[in-house]
Each structure stands twice: as C-alpha cells, then as structure tokens.
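# A structural model of the following input is requested.
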Amino acid sequence: MHAGIIFFLVILGSILFHIFTPWYWTDIASNWKGMDDTITLTFWVGGGVFVAVCLFMIYCVFKYSYKEDRKAEYKPEDKKLEKILTVATTLGVAALLAPGLIIWNQYVNVPKNSIEIDVMAWQWGWQYRLPGNDGKLGTTKVVNINDDNPFGINLDDPYGRDDVMVQSDIINLENNRPVKILLRSVDVLHNWYVPQFRAKMDAVPGVVTYYWFEPNKVGEYEVLCAEYCGVGHYAMRGGVEVQDPNSYQQWLGEQETFSDLLAKQNKEIETKKVAKNNSKIEKVIYKEEK
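All right, here's what the predicted structure looks like:
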C-alpha cells in the first residue's frame, strides 16, 4: 500500500475515533465548565496540528516521490518558511496556555461566600470538618491529632467547640453554594477528586492545600483518591451528596459537634472509672464474705 494512503487512513481513523469513542467525560456537575472548554481547545489545536502535519507528509510523499530524471535541490535556508512556522507555533502555544492561565486565576481566587470544609486524608479514607454556628473553623495543631481529636483542634480555641465533625467518608454539600476544600493528610500524598466537579488538588502531609468549586446539580457522586497512595489506593473511595438547601440544613443539624464528641468521650471515661471502682468494691466484698 502506498505510504500516502496509509497516512490518510491514520488521519481518518483518528478523527472517527474521536467522534464515535464511547470513552468520554462524565456529565459536569459544577461551575468548572471552563475546564472542559480548555481541554476541548487543546483537542482542536493539537488535532489541527496533527492533521496539518500528516497532510503535509502526504503532499510530500506524492509531490517528491522518486523519479529517474529528478534531481535534488539544495536549499539550506528558507526565511519565509521560518517566519511562518515561528508565528504559527507562537499562536498555537499562546492558544494552549492563555485559557489555562485564565482558568487557574479563577481556580485560586475563592468566592467570599464560600463555606470551608476541612478534608483529612489518611490511608485509606476521609474525614470532614465544617464550621459551626459561628461560621469559623477552629485552629488546629498537628501535635494535637489523636484518635479522640482526629483534626488536632486546639482545645482552648472557642471557634473550634462548635465545629461539625463528620467522621465518615460521605459528605453532604449544599447545591449552588461555593465550597472551599481545605486538604490535609496525616501520612502520604492523597487527592480528593470527584470527576463530575472537574476540580482536584493534592493533599500534602504538613501543608494545608485548597481549591474551590460550586456544585450545581443535586445528586450522589463518588469521591476518588487521584494520587497513588499505597496498596489500598484502589479502595480509597467515598461519597458526596449534593442537596437542596432545606435538606442540607436538616442533615447539618443532625451532625455532632466537637463539643459533643468531647462530652461523649468524657462520659465514656467516667463510665469506665465507675465500672472499674465497682469492680474493686465487688472484689473487696467477695473477700470479706469469704
């Protein structure tokens, strides 16, 4: 088969595969449609260059195919061609980079009316902390982190007392309300990612990273860890339920606060002490009866 025909079939097959491929994005459920637009633009620019190069190769194959009486032309420089290629390459790179920079600027500028959600990652799961009635998250320290205080909240910080603690891998969000995700990790790199939200960021040990999005479609979505974090990485999954404002407020009111957890822990400690004392008393009585 002629080489030019092979190149043409490669072009045709690539275009048809892109049009009819069953593997494509999930439906978007957040404000980040600009992410999809930049990827689409990348397809158009990259695909256009690919098609142009292949067509040029087909042209060269037919135009300069071997003939006995043909002689090669020595042409070490072509200033016109160099200028055309320089301008075309510059425009192509600018078309790829400029939209991404615009989206990135929006990505790191969080709306003032967003709610902060502290996401703690660990091998292999998630926990969440939301601000209470005061609208502020309490301060934390890594040295405070333990089984009873998984986020390391400072006990002397009044803003932390009413923090809502979601000790589950499922979190609820209010529809059409911007969310600022604060990411932390207690062990290795993780990444809190919901494909339908089109946004993600690494959770780095010792650092609080962040990003934001605004869910705009009520429903249930799967949370994935998008950073290889160990042998249990494949199973590090969770869930997000986007609700209407009334349902979300009802769910929020059912959650425990940090004060509730402390009270429960203190009650358990007192119960254990009472049980221990009762056990000692029973042993003394038993000895006296004997």
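# Which strands or helices does the helix or strand hosting Asn246 pack on?
Secondary structure assignment for Asn246, by DSSP states H and E: helix 245-253. Counting contacts by 3 or more CB pairs under 8 Å, 6 or more residues apart in numbering; DSSP states H and E, helix 245-253 is packed against strand 170-174. Using the backbone N, CA and C atoms, a C-beta is placed for each residue, glycine as well.
# residues in contact with whichever helix or strand comes after the strand it packs on?
Sequence order places strand 179-185 as the next helix or strand after strand 170-174, per DSSP H and E. With CB atoms under 8 Å, 6 or more residues apart in numbering as the test, strand 179-185 has contacts from 110, 114-122, 137, 151, 173, 190, 192, 201-205, 207-215.
# Select from those every entry located in strands.
115-122, 173, 190, 192, 202-203, 209-213 (DSSP state E).
# buried subset of those?
Listed as buried from the ones in strands among the contacts of strand 179-185 are 116-122, 173, 190, 192, 202-203, 209, 211-213; burial here means 16 or more other CB atoms under 10 Å.
# roughly how far apart are the spatially most central residue of the chain and Leu101?
By CA atoms, centre = their mean, the chain has its centre lying nearest to Lys200, at 2.1 Å. Distance of Lys200 to Leu101, given as CB to CB, to the nearest Å: 18 Å.
# Tell me where this structure has helices.
For the chain, applying DSSP state H gives helices covering 3-20, 33-63, 79-108, 245-253, 258-289.
# how does the protein divide into domains?
If you go by automatic domain parsing, the domain ranges for the chain are 3-64+77-108, 115-265.
# Need the winner for burial among those domains.
Of the domains of the chain, the one with the most neighbours on average (mean count of other CB atoms under 10 Å) is domain 115-265, at a mean of 17.
# how far does that domain sit from the chain's center?
13 Å (CA atoms, centre = their mean, to the nearest Å).
# ok, of the buried ones among the ones in strands among the contacts of strand 179-185, which one's closest to Glu68?
Using CB to CB, Asp202 comes nearest to Glu68 of these, at 62.4 Å.
# residue ranges with poor pLDDT in this protein?
The chain contains residues with pLDDT under 70 at 1, 265-290.
# Tabulate the CA atom coordinates of the helix holding Asn246 in PDB.
Written as PDB, here are the backbone C-alpha positions of helix 245-253 (Å, rounded to 0.1, in the frame of the first residue of the first chain):
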ATOM      1  CA  PRO A 245     -30.800  24.000  50.900                       C
ATOM      2  CA  ASN A 246     -33.600  22.600  53.200                       C
ATOM      3  CA  SER A 247     -32.400  19.000  53.000                       C
ATOM      4  CA  TYR A 248     -28.800  20.200  53.600                       C
ATOM      5  CA  GLN A 249     -29.700  22.200  56.700                       C
ATOM      6  CA  GLN A 250     -31.600  19.200  58.100                       C
ATOM      7  CA  TRP A 251     -28.600  17.000  57.600                       C
ATOM      8  CA  LEU A 252     -26.300  19.500  59.100                       C
ATOM      9  CA  GLY A 253     -28.400  19.800  62.200                       C
END
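# any idea of the angle it forms with strand 170-174?
140 degrees (axes from the mean of the first three to the mean of the last three CA atoms, to 10 degrees).
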